[in-house]
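Peer 1: 3D, please:
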Amino acid sequence: MDKKLKNLAERKEIPEKLVDIATGIRQLRNIGAHASLGELTEQEIPILNDLTRAILDYVYSAPHLASIAASSLLALKAKKTT
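Peer 2: Numbering: from 1, shown residues only. Have a look, this model is predicted:
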């Protein structure tokens, strides 16, 4: 996963910061998945949640919101010209 994300960042399809976030998720995920590494603490669980939400917002919410904003601007411009 790490190599694929870095490749996407190199191609400018995702920002480098997103790779950093995904790396943080992977590190916390490993703790949760492997008992020998310990357990996630109550303090780490919200961090994992926030990092995951950041990726989902970037990938899904941000493009949708940008599309809505662009459509709204076009509608306003069209309304002004009529």
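
Peer 1: lowest-confidence helix or strand of this protein?
Peer 2: Ranked by mean pLDDT, DSSP states H and E, the helix or strand of the chain with the weakest confidence is helix 16-33, at a mean of 75.

Peer 1: so how far is that helix from its chain's centroid?
Peer 2: 11 Å (Cα atoms, centre = their mean, to the nearest Å).

Peer 1: what does it rub up against?
Peer 2: Helix 16-33 has contacts (Cβ atoms under 8 Å, 6 or more residues apart in numbering) with 1-2, 5-6, 8-9, 37-40, 44, 47-48, 51-52, 54-55, 58. Where you see a C-beta, it was placed from the backbone N, CA and C, and this is true even at glycine.

Peer 1: List the buried residues of that helix.
Peer 2: 18-19, 21-22, 24-25, 28, 31 (16 or more other Cβ atoms under 10 Å).

Peer 1: and if you look at stretch 50-65?
Peer 2: So stretch 50-65, judged by 16+ other Cβ under 10 Å, has buried residues 51-52, 54.

Peer 1: Inside helices: which ones of those residues?
Peer 2: 51-52, 54 (DSSP state H).

Peer 1: show me where pLDDT drops low in the protein?
Peer 2: Scanning the chain for pLDDT under 70 picks out 1, 30-38.

Peer 1: From the centre of it, point out the most distant residue.
Peer 2: Residue farthest from the centre of the chain, counting by Cα atoms, centre = their mean, is Thr82 at 39.8 Å.

Peer 1: so who does that one touch?
Peer 2: With Cβ under 8 Å, 6+ apart, Thr82 has no contacts at all.

Peer 1: Alright, that wraps it up for me.
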